[in-house]
Structure formats: C-alpha cells, structure tokens
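**Student:** Just need the structure, nothing else, for what follows:
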Amino acid sequence: MRRRLVLVIAAVLSEASTTAGSLPSCIGPPLPLSPLSTQFLTAMTTPANTPFHAGELEVQIRAGTEKSADYLGRHMIHESFAGAGDAVANVGSLPYLVVGAVDSASEPPLLWTTMLAGSPGGVASIPDTSTLRLAQLPALDDPARTLLQRPGTLVGALATDLATRNRLRINSVVRRPTRTGGVDLQVVERFGNCPKYIFARSVDFELENTAPSEQQQPVSTAPEVAAALSQAQQQWVQEQDTFFITTYHDTKGADTSHRGGNPGFVRVDSLTHLWWPDYQGNGMFNTLGNICATGRAGLFFMDFATGDSLQVAGRAWVEWRDEPEATRKSGLPKIDGSNRIVHLEIEAVVARRTHLPFRFDFDDHGASPFNPNLTGDVRGTAANATSAIQLPVTVVSISEVTSHVKTFSFRVDSRAAAQSAKHAALSTRLATHFPGEYVTFQLTNSIRPKGGDEVVRSWTIVSQPSSLNVPSPASGQFSISVKRESQGLASQWLHKTLAVGDQLLVSGVGGGGTMSFFMSWPTGVLGAVSRGDATLGHDDLAEIFRNVVYSRIAVFTAGIGITPVMANLRSLTQLLQQAVDAGVAVAKPEIRIVHSSRTWAEVPFKQELRDLCQTGVISHLTIAITSPDPAALSSNIDWAATRKGRVDEGLVDKTLPVDRVVSVFLCGPQGFMESTRSAMFDLGLPSGFLHEEAFYF
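**Tutor:** Numbering: from 1, shown residues only. You can find the predicted model right below:
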C-alpha cells in the first residue's frame, strides 16, 4: 500500500508538470508541491505488512479489536474502484459529496471539510477505476477550494446517501485540474461503512421553485471567519445530530467520515473546546488512529433545514476512560456507553449562510435506532427536550416469568397521547419501536413521593411493536421484563408495589438498536398506527426481510440479557406469519442461540422458546446451566440441547459457522460478555460482526 502511494504522488507530480502548459489559461499553472506531499516520497518506501498505520494499530490494540480489524481491513480496504459495483453508480448519481482537504502550508496543518452540492450526477463521477472526478469546487471563499486545486493535496471524500444510509469513504490525492473547472483525484484507498448512527434525510430540490438543472452553483453569502465559536454557534453545535470529520496521516493520506448521534451528543465546554464520545463501529479506528498519529481534525456541521454550515479546524486528541484498574488514571465514567472521548481544541472557524442549492427533508422516523441514549454531561435544549415529556402509561397486566423475573405490560392512554404533538410522537414511537430499543421511565414521584434523588430507569421493550399486531395496531401496548435485584431500588419497587391499574410516566424511547436483527423499519410498519391496519403489503414484507442483518444470526445471552432477543424473535414471528398469510415467499434467517443460566428454573421464557424451536423460528438452541442442577440434565427436553458448565470457547466455536460470516448478538452480565467476546475474537470473528449490549446486574 505504501509503495503504491509513492508511485501515486510521483505520477501526480509528473503529470502536473507535463500537462500544465496545455491547460486553459483560466486555470493557471499548478501550485508548488506542499511540504506534506514531499513527505510521501521520503517516508513511504517500504511495503506494509498491514493495511493500517501505527496510530490505527495503537488504538485497535488498546480497544482490543486488532484481530478483527486486520481481517476487515484486508477484505474491505481497496486501492481502486475495481469491483466496487453499485458504489460507482451511487457516487455518480448523488447531488452532494463531502470532501476534506489538508492545508499543509499552515503550521500546524489545518483541515477543512466541506460539502460540494449541485444536481444529481453533476457533482462527481468515476471515469476510471483509479480516478474520482469532481465536477464542482467549493465556493470561492471556502478555505477548501484552493487546496482542492493544488496537485498533491491530500483529500478525503465521503460519498454518502443520507436517505439510504449508504456510504463510501475515498482517500485520495489531487491529481490535476480538469478542463471544465473541476479536479481529478487519484484514488489511494476506498472502503464502505455500515449505516449506523446516520440520520436518514432526503434531498428537496423545491427551493424557491427553482429546477435542479438551474441549481448548479451554490448560493453563498460572505462567510464569518473567527478563531473561536460565538455564543450562538456554541448553542447550535450542541443541538446537532450529525457532523462530518476529516483527519489525516503523514504517510497514509486524508480520510473523511461521518459522526452521528442523538441531538446533544456533541458537547461544547467553551468557545474553543468541544468533544464527543466515540461510538462502537467496525473497530478499524481510521479516524481515531489518524488523530493519535497527527493530532489534527476538521469538522463540518450543517443546518439541514436551511443550508447554513460551520467549518471548524484545530487540534484533536483521544481521552480513554474506564481503563483496567492497573492503568486507570481518571476514574471518570463512560459517556453514552463509550470509554473513548474525542476532543477538539478549536483554532479556526468559518461560518456560512445558505450555501446549498437544496435542502434536506426528514421525518420523525429518520433517527438511527443505533444511537445510544445520552448520559453524563448533556448540553443543549434539543438534547434535553425529551426529558420534559412525561407520557402516562397504565399497567394492564403483570405476569411471573420466573421466581425473580416479572413481565409488566402497559397501555398508552389515548387522551394522554393527545395532550400535545410531542406526547403524540412519543406514543407513536412506543407503538412502532425498533426491536431491541428500550423505554425510559421517570419513577421519582412513584418511588419517592416525598422528594429525594431522581429515579430514572430504562428497560428493554420485550414485546414486538404493537404496530405489527393484527387486527389492532393502535392498541398502544408494550411490555418490559424486569429481574428483581437484591440491591435494586426500582426493580424491588416494581416487583413488590406496582399493581394493575397503576400509572407510570414514560419520558423516552431509544437506544438498543445495536441489538436489533433488523437494519431498518420500512414505511409500512411506521405508518401502521396512523392507518389503523397492521397488515403489511407485499413490498413492505419483502423490504423487511431484505433488511434482516444477515441470513445467519448467532445469539449468546445470559440471565435477563435475553430480553432484547425476545423482542426480535416476537417481531420476526409476526412478520413471518404475515408473509405466509399474504403469500409472500421470504427467506427465513438461520438463528442459533446459546443461553446461559444458573439453574433450569431461572431460564426465562422456556415455553415460548420451545414453541419458537418447534416452529423453526429458532434453528438451534443450547442452554448452558452453570450450577449443579439435576433437573436440567434429567428432564426430557427434546427441543433444546442442554449442557453443564459455562459458555466456553468450544461451544462458541461450535455455534459460529466455519467462515465466521454471521451476525452475532451478545448480551448479559459483564463477566459473561468479556469471556464470550474474547473467545469469539480468538476464533477469528471480525468485531464488525458483533452486536452487543451489557446488562449490569
């Protein structure tokens, strides 16, 4: 890889010198080679034994993903567009492209990220397998424009279709200007990414009744340039759910990527300092590795409703939290479930108003189900808006699952849902929730009516979305299954005090998407409540089964960690039955489950698991009993395999397919997860195939 990049830079310089004289005079001669580009010729002289540089490897090792990252890197990272398939057509059809460029002439280097925008197919194209052609450049006063005209500039490009959440990262070098006013980029690396954390948005060209063909150039006002954020910008950044980031490495080039989360996931401590938690991804850590290597980053925020944008550049670094006890320094808690915090010390800011020729539309269902709930230090009115919503729900039934687990079912009162638009939206979210998501209860007034510390708890919704229930999708019922903990204030209160007819307050639904068997819910599911008909059409059912994460699923759970899996299995059962009723042929996924329990009596949902095995929804089930329990081994169990002892590497190996191409779901106590995860990675499972959620009990 490194030797090839030396040749790329050398070719760029040679071509720039031989073609400059034949270019139109309006383009002018190429600018001098940047100091950073010169480093390529001297530093990249030996082939690499890995697709990653030292910074990426450092982060991978620290995060424990080096084995799976090596597997993914060798299979995902390519040196050209050869074999890219549909990705090539996707790049050429988009009306926008996010690019980032390195200004190595500044000291220290500044990185500028921006968005190129125009009509579909009028922004970028791929004329051959080694070239990304930009048909447009940024506005004249955009700091990235000059850099993109300079041969040898390191450029990261992100071709992302926000509507479908498809994205392709393209690392490149400016090769030469084109005769039509654009530039050709020499591709160095390209690789795809999963759709996690992307807020779905579609392009709206109906801007002032102007046809797309007439919107070739962005409309821009003079930018505001500063060395720090303004007070208004600080507040605005804290409201965002999306930004784009460019980083670079001296000898591997620039990379542009996407970051997303619930509004408020970016925190701003001061006008010159912001930070965000790094959520779980593919484990290759291209962005964080670059930051660890060079300590520089450039961010791009956008107001998708107006087109306003904010470019921020500065020094970046990674803070690690919740390290092993032997090396723990800060003792600080995780943020949004992450122990990696990325900081940016702001050095330069460019704000521009209304520079896009279109706007982005989105609806209430555009948020990614993979976004974790915000915890810890949360800023901004948007981040705190849902906390003000308290939707009353009524207990309609309580049933015993085991001696320590009860299921509590609730119904949303239609009058309560009609209180306001926000209450109605939360009611709809409960009815159309993504399998694996959890519901947040505000329990302070119930448990501590005389005052005291706030009591807020979240539990996985164990039922399927009521929008799938035929014939009454608008019933608004949902269920949680809660284990009684000896030291659990809320769980003890639920088990001992809560009764049918009581009311609780729900303040939100979200998170947990990482434990869903489905990548998205189609519009047919989301619209079921408003239609009053949960029966899905042929296209909706076909779309759902195309969006099952993999045709092969392996599940490893322990204790009450099985609850998100039950939500998935119940949803899948409903959908399979609808497919049968509609005469739609769908491929049933192969689902292999390993569940660990202390005793046979403590295995939750035994009757339902047996039914799911007998109907073929579950392909194979193994139940591991960790304590001596003659009842488990002597019972006549013909629907599941039972074994004595803990889940070990041998059982994991037996459950996973030989080629390790499988979507794995892991949920349970921390110790169970750590040992099972370690066994998976030792057996060669790529970390990008693992979906996990910890239950602390």
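
**Student:** So residue 129 sits against residue 81, correct?
**Tutor:** Yes - using C-beta atoms under 8 Å as the test, residue 129 is close enough to residue 81 to be in contact (4.6 Å). Any C-beta I mention is one placed from the backbone N, CA and C, and that applies to glycine too.

**Student:** So for these two, which residues contact both of them?
**Tutor:** Common contacts of residue 129 and residue 81, defined by C-beta atoms under 8 Å, 6 or more residues apart in numbering, comprise residue 187.

**Student:** Have a look at those two and say which one is more surrounded.
**Tutor:** Between residue 129 and residue 81, residue 81 has the larger neighbour count (other C-beta atoms under 10 Å), namely 21 against 14.

**Student:** Next up, the contacts around that one.
**Tutor:** Residues in contact with residue 81, defined by C-beta under 8 Å, 6+ apart, are 87-88, 126, 128-130, 187, 190.

**Student:** same check, this time on residue 268
**Tutor:** Going by C-beta under 8 Å, 6+ apart, residue 268 touches 229, 234, 237-238, 274, 379.

**Student:** what about 6 Å?
**Tutor:** Residues near residue 268 by C-beta atoms under 6 Å, 6 or more residues apart in numbering: 234, 237-238, 274.

**Student:** any idea which of those has the most stuff around it?
**Tutor:** Sorting the contacts of residue 268 by how many neighbours each has (other C-beta under 10 Å) puts residue 274 first, at 24 neighbours.

**Student:** hang on, the earlier thing: among the contacts of residue 81, which ones are buried?
**Tutor:** 87-88, 126, 130, 187, 190 (16 or more other C-beta atoms under 10 Å).

**Student:** Specify which member of those is nearest to residue 581.
**Tutor:** Of all the buried ones among the contacts of residue 81, the one with the least separation from residue 581 (C-beta to C-beta) is residue 87, at 36.9 Å.

**Student:** Can you get me the centre-to-centre distance for the longest helix seen in the chain and its chain?
**Tutor:** Longest helix in the chain, counting residues (DSSP state H): helix 563-582. Here helix 563-582 is found 24 Å from its chain centre; the criterion is C-alpha atoms, centre = their mean, to the nearest Å.

**Student:** Packing partners of the helix or strand following it?
**Tutor:** In the C-terminal direction, the helix or strand that comes right after helix 563-582 (DSSP states H and E) is strand 590-597. Contacts defined by 3 or more C-beta pairs under 6 Å, 6 or more residues apart in numbering; DSSP states H and E place strand 590-597 against strand 552-558, strand 620-625.

**Student:** Swap in 8 Å and give it another go.
**Tutor:** For strand 590-597, the packing partners by 3 or more C-beta pairs under 8 Å, 6 or more residues apart in numbering; DSSP states H and E come out as strand 552-558, strand 620-625, helix 649-655.

**Student:** Direction included, what does the second one pair up with?
**Tutor:** Within its sheet, and counting by DSSP bridges, strand 620-625 is paired with strand 590-597 (parallel), strand 641-644 (parallel).

**Student:** Reformat those strands as CSV; add mean neighbour count and mean pLDDT.
**Tutor:** Supplementary listing: the strands paired with strand 620-625 in CSV, determined by neighbours: other C-beta atoms under 10 Å; pLDDT from 0 to 100:
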stretch, mean neighbour count, mean pLDDT
strand 590-597, 23, 96
strand 641-644, 14, 90
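
**Student:** what's the closest of those strands to residue 562?
**Tutor:** strand 590-597 (5.9 Å).

**Student:** for residue 110, which residues make a bridge with it?
**Tutor:** Beta-bridge partners recorded for residue 110 (DSSP bridges): residue 103.

**Student:** Was I right to think it contacts residue 347?
**Tutor:** Yes - if you go by C-beta under 8 Å, residue 110 and residue 347 touch, sitting 7.1 Å apart.

**Student:** Neighbour count: these two, which is higher?
**Tutor:** In terms of neighbours (other C-beta under 10 Å), residue 110 is the more surrounded of residue 110 and residue 347; the figures are 21 against 16.

**Student:** Show me what counts as buried in the helix or strand encompassing residue 675.
**Tutor:** Using DSSP H and E, the secondary-structure element containing residue 675 is helix 670-682. Neighbour-count burial for helix 670-682 flags 672-673, 676-677, 679-681 (criterion: 16+ other C-beta under 10 Å).

**Student:** Next, count neighbours for residue 82.
**Tutor:** Residues within reach of residue 82, counting by other C-beta under 10 Å, total 12.

**Student:** so what's it up against?
**Tutor:** If you count contacts by C-beta under 8 Å, 6+ apart, then residue 82 has residue 129 around it.

**Student:** before we move on, what about residue 480?
**Tutor:** Listed by C-beta under 8 Å, 6+ apart, the contact partners of residue 480 are 407-408, 410, 439, 459-462, 563.

**Student:** so residue 302 sits right up against residue 351, yeah?
**Tutor:** No - counting by C-beta under 8 Å, residue 302 stays clear of residue 351, with 11.3 Å between them.

**Student:** shared neighbours of those two, which are they?
**Tutor:** Joint contacts of residue 302 and residue 351 (C-beta under 8 Å, 6+ apart) are 308-310.

**Student:** SS state for residue 275?
**Tutor:** Reducing the assignment to helix, strand or coil with DSSP: H, G, I helix; E, B strand; the rest coil, the entry for residue 275 is strand.

**Student:** my read: it touches residue 238, true?
**Tutor:** No - proximity of residue 275 to residue 238 does not meet the contact threshold set by C-beta under 8 Å, at 11.3 Å.

**Student:** Quick check: neighbours shared by those two?
**Tutor:** Common contacts of residue 275 and residue 238 (C-beta under 8 Å, 6+ apart): 266-267.

**Student:** which residues sit in contact with the closest residue to residue 197 other than its chain neighbours?
**Tutor:** Nearest-residue entry for residue 197: residue 260, 3.7 Å, with adjacent residues in sequence omitted and distances by C-beta to C-beta, 6 or more residues apart in numbering. Remark: with contacts taken as C-beta under 8 Å, 6+ apart, residue 260 is in contact with 197-199, 241-243, 368, 371.

**Student:** State the distance from residue 260 to residue 353.
**Tutor:** Computed as C-beta to C-beta, to the nearest Å, the residue 260 to residue 353 distance reads 23 Å.
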